[in-house]
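Enquirer: Structure here, sequence nowhere to be found:
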């Protein structure tokens, strides 16, 4: 099997990936249909933005609790429950639209309920992958998950548009598309149900004590490498995932194009994103340097796209933006999954999701305001510059922090050698009383992550 798809040789993951692809396609179909539905009902772009915000807000607020659930309960069981929890609001909204009784407030409420289910399900979904595949295939499996997501993003909106148009372009058409998404969750549920549980390696669950979220935050703070990765994800998520705004501003305000040309830009981004995920799947070991370099590459390419003189040249650069963003996101996710203590995997995955997706609604208004006041090009160039500056500053902090810890360890080692030399001349009992232990913080430092991931040279 090709190295790009080697994780599919694992039967459980192959079944899981098949169900996920169907579900991802259905989700993107619903996103498109739901946006069209609220526009038909209200004719308001503000209402559309409010709907998107309601669906994304739970990711910011509830992801940490979703991470605790993922670490506290069996992930496969939790995922099956959450497939039902997401299918129900989709099914209700679909039936309301098909029967013609749907109102805007129905969409708002059900988008929020759906977003809550998604926020609680995502950490378990992310951290379940290591239970299906071994460490040697984990990075590849994480990358293939991203490829599946972007394949759905590439196919789903087009299918939804064709179905809505074929069914008259109104409320009823959107209802049938949303209902299809509700049914698509059966594929994900079926995949989880028919897995061979004997071949899974479940993570030990944590107790029910208080402070699980704080414990996860303390764990991340004790790992400068995780702080670096999550901060890079924060800047790329906040400033790099506002393509709907920046591409719309460039297409309409800067180049005077219409809806079809704007839609083409989204497809080009999706092609680049899919290519980035597949390229990441070929690498066997995720490295911090790939996260940093792909983040800086996004900054350069984003700024370059803002300088493009024509619609055609701007469109040609967009796949490179998709490649850089997905390379960063996929590598960061794989790095977290492969280096985090298994008992913390769900909570750290929740932080990843929270900073990557949850930051978008807060930065989006600023990006739109800059485009409105200073022009579309300023919005595009500004997002690229902000993301690059954030990644660069955080990387410099990481290097300084790691160098300081390395100097501290050298000094401690010299002290140990000195004390050992002095104890060699003492009686055995006295020498034993003088035994020196590493300070707690340094013992924790030595205990986390593989050896090369603790080394600043890992950035080379």
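Expert: Thanks, I have the structure now. Values in this document were obtained by computation on a predicted structure and should not be read as measured data. Numbers count the residues shown, from 1 in each chain.

Enquirer: When you work out contacts or count neighbours from here on, use the C-alpha atoms and nothing else.
Expert: Noted.

Enquirer: end to end, how far does stretch 300-319 reach?
Expert: Chord length of stretch 300-319, first to last residue, is 14 Å (CA to CA, to the nearest Å).

Enquirer: mind checking how far it is from the chain centre?
Expert: Stretch 300-319 sits 25 Å away from the centroid of its parent chain (CA atoms, centre = their mean, to the nearest Å).

Enquirer: May I see the buried residues of it?
Expert: Using 16 or more other CA atoms under 10 Å as the burial criterion, the residues of stretch 300-319 that qualify are 300-306, 311, 314-315, 317-319.

Enquirer: Same question for stretch 352-368.
Expert: Buried residues in stretch 352-368 (16+ other CA under 10 Å): 352-361, 363-364, 367-368.

Enquirer: Just give me the closest of the buried residues of stretch 300-319 to residue 196.
Expert: Residue 196 has its nearest neighbour among those in residue 319, at 38.5 Å by CA to CA.

Enquirer: Quick one: the buried residues of stretch 300-319 as TSV, columns for pLDDT too.
Expert: Output for those, formatted as TSV (pLDDT from 0 to 100):
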residue	pLDDT
300	94
301	94
302	93
303	94
304	95
305	92
306	91
311	91
314	92
315	90
317	92
318	90
319	90
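
Enquirer: So of those residues, which two are at opposite extremes in space?
Expert: Spatially, the most separated pair among those is 300 and 311, at 18.7 Å (CA to CA).

Enquirer: Okay, now the unreliable bits of the stretch 201-350 of the chain?
Expert: For the stretch 201-350 of the chain, applying pLDDT under 70 flags the ranges 206-210, 244, 259-260, 262-263.

Enquirer: how about the strands of the stretch 1-150 of the chain, start to end?
Expert: Assigned by DSSP state E, counting those that start in this stretch, the strands in the stretch 1-150 of the chain number zero.

Enquirer: for it, what spans make up the helices?
Expert: Secondary structure of the stretch 1-150 of the chain (DSSP state H, counting those that start in this stretch): helices at 11-42, 45-72, 75-98, 104-132, 135-166.

Enquirer: Who are the packing partners of the second one?
Expert: So that's helix 45-72. Applying 3 or more CA pairs under 8 Å, 6 or more residues apart in numbering; DSSP states H and E, we find helix 45-72 packed against helix 11-42, helix 104-132, helix 212-221, helix 345-357, helix 360-374.

Enquirer: What of the shortest one?
Expert: Using 3+ CA pairs under 8 Å, 6+ apart as the contact test, the elements touching helix 75-98 are helix 104-132, helix 171-193.

Enquirer: Mind listing what's buried along the shortest one?
Expert: Applying a neighbour-count criterion of 16+ other CA under 10 Å, one finds 171-189, 191-192 buried in helix 171-193.

Enquirer: go on, the first one?
Expert: The neighbour-count check on helix 104-132 (16+ other CA under 10 Å) flags 106-132 as buried.

Enquirer: How much space separates the closest residue to residue 301 other than its chain neighbours from residue 254?
Expert: Closest residue to residue 301 apart from its sequence neighbours, by CA to CA, 6 or more residues apart in numbering: residue 321 at 6.1 Å. Counting by CA to CA, the gap from residue 321 to residue 254 is 19 Å.

Enquirer: Quickly list the domain ranges of this protein.
Expert: 1-194, 218-398, 400-459 (automatic domain parsing).

Enquirer: Cool, thanks, signing off.
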